[in-house]
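Enquirer: please find the sequence and the predicted model below.
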Amino acid sequence: VLDGLVEAVEDACADRCARARAAAEADAAADPAAAACGACCRALSAMGRYERDDGAAAAPRLEDRLLRDAADFYAAEGARLARRGGGDGGADARAFVAAAERALRRASDAADADRGTVAPETGPKLVAVVERELVAPHAAGVVARALAPLLDAAVGPEGPGAAAALFGLLRRGGDVGAAKRALAAHAAARFGECVVAPGDALGAVLDLRSRLEAAAGAAFAVEEEEPDYAPGDPWADVLEGIEALDAMKALRRREREERDWAGRAVRGACEEAVNGDAVAARFARAVAAALDGELRSGGAGGPRFEGALACFRLSRAKDAFEGRHRGLAATRLLDGVFGGAADLARALAAERALVATLEAECGASYVAKLEGMCKDAAAAAGGAAGPGAAAAGAGDLEVLVLTAGYWPPAPPCALAPPPALAEMERAFEASYVAERKGRRLAWRPDLGRADVAAADGGARATLDATLAQALLLVALDGGAALSRATRSRAWAS
């Protein structure tokens with residue numbers, strides 16, 4: 001009689017639990033009689049007829065039937081949610097997260113001692129069924145399909161809530177590697193778009209890296225846990241305290257590693273994007289141009305300057321950067337020389353500070369030529385006076401001696417100086433070579449500047465011009481004129 005009664009109760013409880021589960025998933029009104037199932041389950045547990053006895057050959061009990069029914073239900077629910085793929089990935093992911101969180105919450109509530117539908121000891125087993133049948137088989141696929149739109153939303157006003165919830169389910173499923181792969185692929189795609197986009201690529205890359213790293217760090221954070229420790233016997237307290245401290249250190253170390261993997265993935269994707277074969281050299285030259293702009297505008301040490309340095313550290317095309325940077329540095333130093341003592345002092349201070357930073361990053365050999373350029377500019381602070389005027393009214397010559405191995409190479413200059421200037425050059429070269437045996441000079445008039453005294457009636461002015469401009473002004477002195485055809489041929493050449 002008792003066996004028959006227990007069997008009838010089991011049938012009724014299984015039916016009521018199935019109805020309650022389906023109603024909960026459909027957000028329908030709860031069955032008032034479902035709570036009676038919990039009382040029956042607890043009663044059967046007290047009688048020893050609820051859980052299976054130890055041993056695989058033992059007869060199934062009500063708990064086995066309830067867990068089997070739950071497994072079938074949540075396996076079907078997971079398959080239904082998976083079939084929704086193909087639309088909006090973000091919406092599909094949110095629907096999956098909502099369904100999974102609701103199922104986990106219902107599974108936990110089902111074991112409530114007062115209003116649950118199963119015995120309390122079944123709660124953890126029911127949660128494990130949801131994780132095994134609903135979460136684990138589908139979470140990785142949802143992540144691969146939908147993490148990208150969730151991360152795009154995470155760097156915007158929505159924040160990382162949806163991505164964090166999806167990652168929490170993924171941790172329950174045990175496949176954190178899926179999130180790592182999806183994050184790396186998404187970050188690589190977004191950084192690749194930034195690098196080739198028109199405009200300020202450096203600023204876009206740094207802004208995206210900052211926002212994506214913060215969003216990924218928040219979305220993939222690990223909740224902190226404290227090791228259990230209850231004071232008791234003094235000697236036991238000491239031993240347990242040491243063990244608890246070791247456990248806490250290991251836990252903190254594991255948490256740091258868990259938290260940092262997202263940042264490492266974002267930084268790694270950023271570095272790979274800016275160092276692709278098609279963009280690496282261009283990105284490095286853009287970094288050099290950005291540093292040049294900040295140095296010229298007095299922004300050294302500012303946020304944009306530091307951002308450009310951060311991009312320099314990302315770039316692996318250090319040779320491309322060095323070539324472009326040395327050419328720009330040469331122009332800055334020469335502008336400082338021609339601008340006067342104050343300008344040269346500011347230029348040298350800024351260049352030497354940057355050289356020290358680059359040396360710390362890449363070593364002394366990387367900045368040897370830059371240091372040599374600074375020494376040449378500093379030695380020429382007052383200019384090297386030539387032997388004076390070769391003819392009355394021809395002007396004076398100041399020579400800046402540059403070490404050929406330090407300064408950027410350039411093709412020979414075809415600019416022919418006027419006879420008076422050529423005579424002063426020959427005189428200076430003869431004197432210089434006589435004093436320094438074994439040295440050889442090659443003139444670079446294209447790098448020089450000229451002060452041209454101009455007068456128009458009673459108005460007088462001194463013009464700062466390149467040597468080519470100065471020679472043109474001298475050629476036009478005294479009323480000479482050039483025809484339009486001559487000017488056109490000159491500009492075309």
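Expert: Good, I have the coordinates. Numbers count the residues shown, from 1 in each chain.
Enquirer: now the strands for this protein?
Expert: Ranges of strands in the chain, per DSSP state E, are 384-385, 398-399, 449-456, 459-466.
Enquirer: could you check the distance from the residue nearest to Ala416 when sequence neighbours are not counted over to Glu435?
Expert: Spatial nearest neighbour of Ala416, excluding adjacent residues (Cβ to Cβ, 6 or more residues apart in numbering): Ala422 at 7.9 Å. Every C-beta, even on glycine, is put in place using the N, C-alpha and C of the backbone. Plainly put, Ala422 is 21 Å away from Glu435 if you go by Cβ to Cβ, to the nearest Å.
Enquirer: the closest residue in space to Leu402 that isn't next to it in sequence: neighbour count?
Expert: Counting by Cβ to Cβ, 6+ apart, Leu402 lies nearest to Asp376, which is 5.2 Å off, once chain neighbours are set aside. Asp376 has 18 neighbours, counted by other Cβ atoms under 10 Å.
Enquirer: state the pLDDT value of Asp376.
Expert: At Asp376, the pLDDT value in this model is 90.
Enquirer: is Ala164 in contact with Ala221, as I believe?
Expert: Yes. Under the criterion of Cβ atoms under 8 Å, Ala164 makes contact with Ala221 at 7.2 Å.
Enquirer: helices of the stretch 151-300 of the chain, start to end?
Expert: 161-173, 176-196, 201-219, 234-274, 280-296 (DSSP state H, counting those that start in this stretch).
Enquirer: need those in CSV with distance to Cys40 and mean neighbour count, can you?
Expert: Listed next are the helices of the stretch 151-300 of the chain as CSV, based on distance: least, Cβ to Cβ, whole Å; neighbours: other Cβ atoms under 10 Å:
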stretch, distance to Cys40, mean neighbour count
helix 161-173, 30, 21
helix 176-196, 40, 18
helix 201-219, 43, 20
helix 234-274, 42, 15
helix 280-296, 70, 20
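Enquirer: in terms of mean pLDDT, which of these ranks lowest?
Expert: Ranked by mean pLDDT, the helices of the stretch 151-300 of the chain end with helix 234-274 in last place, scoring a mean of 72.
Enquirer: list the contacts of the residue nearest the centre of the chain.
Expert: Most central in the chain under Cα atoms, centre = their mean is Arg209, positioned 3.0 Å from the mean C-alpha point. Going by Cβ atoms under 8 Å, 6 or more residues apart in numbering, Arg209 touches Phe191, Val266, Arg267, Cys270.
Enquirer: quick check: the third one touching Ala216?
Expert: By that I understand Arg267. No. Taking contacts as Cβ under 8 Å, Arg267 lies outside contact range of Ala216: 10.3 Å.
Enquirer: can you give me the helices in the stretch 1-150 of the chain?
Expert: Here the stretch 1-150 of the chain has its helices, by DSSP H, counting those that start in this stretch, at 2-25, 34-47, 62-82, 89-109, 123-130, 136-154.
Enquirer: what is the least confident helix or strand in this protein?
Expert: Across the helices and strands of the chain, mean confidence by mean pLDDT, DSSP states H and E is lowest for strand 384-385: a mean of 42.
Enquirer: more crowded one of Ala422 and Glu435?
Expert: Set Ala422 next to Glu435 and count neighbours by other Cβ under 10 Å: Ala422 wins out with 13 against 8.
Enquirer: sorry, back to before: can I get the helices of the stretch 151-300 of the chain in a markdown table including distance to Ala450?
Expert: Shown next, in a markdown table, are the helices of the stretch 151-300 of the chain (distance: least, Cβ to Cβ, whole Å):
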| stretch | distance to Ala450 |
| --- | --- |
| helix 161-173 | 63 |
| helix 176-196 | 42 |
| helix 201-219 | 37 |
| helix 234-274 | 42 |
| helix 280-296 | 22 |
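Enquirer: and those: which comes nearest Leu397?
Expert: helix 280-296 (28.5 Å; Cβ to Cβ).
Enquirer: what packs against the closest one?
Expert: Applying 3 or more Cβ pairs under 8 Å, 6 or more residues apart in numbering; DSSP states H and E, we find helix 280-296 packed against helix 201-219, helix 303-314, helix 318-339, helix 341-362.
Enquirer: so the last one versus helix 280-296, what angle?
Expert: The directions of helix 341-362 and helix 280-296 differ by 140 degrees, with axes from the mean of the first three to the mean of the last three Cα atoms, to 10 degrees as the criterion.
Enquirer: and for the second one?
Expert: Our comparison of helix 303-314 with helix 280-296, counting by the same axes, to 10 degrees, yields an angle of 150 degrees.
Enquirer: kindly report the same for the third one.
Expert: Inter-element angle recorded for helix 318-339 and helix 280-296: 30 degrees (by the same axes, to 10 degrees).
Enquirer: list the buried residues of helix 318-339.
Expert: Going by neighbour count (16 or more other Cβ atoms under 10 Å), the buried part of helix 318-339 is 320-322, 324-330, 332-334, 336-338.
Enquirer: what's the answer for the second one, then?
Expert: Buried positions in helix 303-314, judged by neighbour count with 16+ other Cβ under 10 Å: Arg304, Phe305, Gly307, Ala308, Leu309, Cys311, Phe312, Leu314.
Enquirer: that one - what's its average pLDDT?
Expert: Rounded mean pLDDT across helix 303-314 is 92.
Enquirer: for that helix, what is the distance to the chain centroid?
Expert: 12 Å (Cα atoms, centre = their mean, to the nearest Å).
Enquirer: for it, name the packing helices and strands.
Expert: helix 201-219, helix 234-274, helix 280-296, helix 341-362.
Enquirer: swap in the third one?
Expert: Using 3+ Cβ pairs under 8 Å, 6+ apart as the contact criterion, the secondary-structure elements in contact with helix 318-339 are helix 280-296, helix 341-362, helix 368-379.
Enquirer: next, count neighbours for the nearest residue to Arg440 once chain neighbours are set aside.
Expert: In space, and not counting its chain neighbours, Arg440 is closest to Val433: 7.4 Å by Cβ to Cβ, 6+ apart. Neighbourhood size, Val433 [other Cβ under 10 Å]: 13.
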